[in-house]
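**Student:** no FASTA, just this:
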């Protein structure tokens, strides 16, 4: 089902402050920036081996990342696993009665994505993603 | 400084319960188990691409992972970046006055390791590791 860690998402108050550590101190390369208005988040994507670090800053306090920051503060937010077939995996997860946030895949920063419910995965917010160039949906 | 994500650490109450999701549902392979008595933790390591998922169960409540579970509950605990030279990187981080947990590298599950202080990295507990087969310390 899973090929690799696509990215690890980190919730931060201020992307530019966070880049002082992840880009300037660790030396990671920022290969993209993206803003997803309907999810109320802006992101900086940093390359690390075959994976990414996804720094997430909320654009409004009532967004998912905004609420996470208010509740838990800055830190690790989610982990995203890459799969060739996010839709097929979703069907398999439904058959196994795994609790889901998304019943259908949708367009996200990493491609076609879905989130599982953290109670499925011992408190971890897990995302599955099929990058658009791999997607055959 | 950094080659790849070596692993993502997840704090759980019960390794065997957690394996029902990460091994049985996601299909990840458990390639090792380890217990580090002086750190009060037992671990299951699952392969994912060039990285690992490290499931961590405390062997006593006053261990670092035990205290984390009591304070925050199950979930993402830390991220470990692989480097060829953990000792050289530690010196660089000290020169940059980055807050550290460990002033010297020490033996851990992933090799010679050190932890940075979460205030260095926007609330994320960051570990650096040089696997023993790469270590020239």
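**Tutor:** Right, received. Where do you want to start? Since the model is a prediction, treat every value here as computed from it, not as a measurement.

**Student:** strands of chain A, start to end?
**Tutor:** Per DSSP state E, chain A carries strands over the ranges A:4-11, A:29-36, A:41-48, A:51-58, A:75-82, A:106-108, A:111-115, A:126-130.

**Student:** could the ones you listed be laid out in JSON lines, adding mean pLDDT?
**Tutor:** Below are the strands of chain A laid out as JSON lines (pLDDT from 0 to 100):
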{"stretch": "strand A:4-11", "mean pLDDT": "98"}
{"stretch": "strand A:29-36", "mean pLDDT": "95"}
{"stretch": "strand A:41-48", "mean pLDDT": "97"}
{"stretch": "strand A:51-58", "mean pLDDT": "98"}
{"stretch": "strand A:75-82", "mean pLDDT": "98"}
{"stretch": "strand A:106-108", "mean pLDDT": "93"}
{"stretch": "strand A:111-115", "mean pLDDT": "97"}
{"stretch": "strand A:126-130", "mean pLDDT": "98"}
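
**Student:** okay, the ones you listed in TSV with distance to chain B and mean neighbour count next?
**Tutor:** In this view, the C-beta of every residue, glycine as well, is placed from N, C-alpha and C. Shown next, in TSV, are the strands of chain A (distance: least, CB to the nearest CB, whole Å; neighbours: other CB atoms under 10 Å in any protein chain shown):
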stretch	distance to chain B	mean neighbour count
strand A:4-11	3	24
strand A:29-36	10	12
strand A:41-48	6	20
strand A:51-58	5	24
strand A:75-82	4	23
strand A:106-108	19	14
strand A:111-115	14	20
strand A:126-130	8	24
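
**Student:** pLDDT at the residue located most distally from the centre of chain A, what is it?
**Tutor:** Most distant from the centre of chain A: residue A:95, at 23.8 Å, with distances by CA atoms, centre = their mean. We note a pLDDT of 97 for residue A:95 in this prediction.

**Student:** let me see the backbone angles for the spatially closest residue to residue A:21 that is not a sequence neighbour.
**Tutor:** Leaving out its chain neighbours, the residue that sits closest to residue A:21 by CB to CB, 6 or more residues apart in numbering or on different chains is residue B:121, at 5.2 Å. Backbone geometry at residue B:121, expressed as degrees, to the nearest 10, gives phi -130, psi 40.

**Student:** burial of residue B:121, as a residue count?
**Tutor:** Neighbour count for residue B:121, taken as other CB atoms under 10 Å in any protein chain shown: 23.

**Student:** now it: how far from residue B:85?
**Tutor:** Distance, residue B:121 to residue B:85, by CB to CB, to the nearest Å: 19 Å.

**Student:** returning to what we had before: any idea how far residue B:106 is from the residue farthest from the centre of chain A?
**Tutor:** 45 Å.

**Student:** and for residue A:78?
**Tutor:** Residue A:78 is 29 Å from residue B:106, by CB to CB.

**Student:** and if you look at residue A:71?
**Tutor:** 33 Å.

**Student:** tell me which of the strands of chain A lies nearest to residue B:50.
**Tutor:** Of all the strands of chain A, strand A:4-11 sits nearest to residue B:50, with 7.0 Å by CB to CB.

**Student:** strands paired with that closest one, and their directions?
**Tutor:** Strand A:4-11 sits in its sheet next to strand A:51-58 (parallel), strand A:75-82 (antiparallel), going by DSSP bridges.
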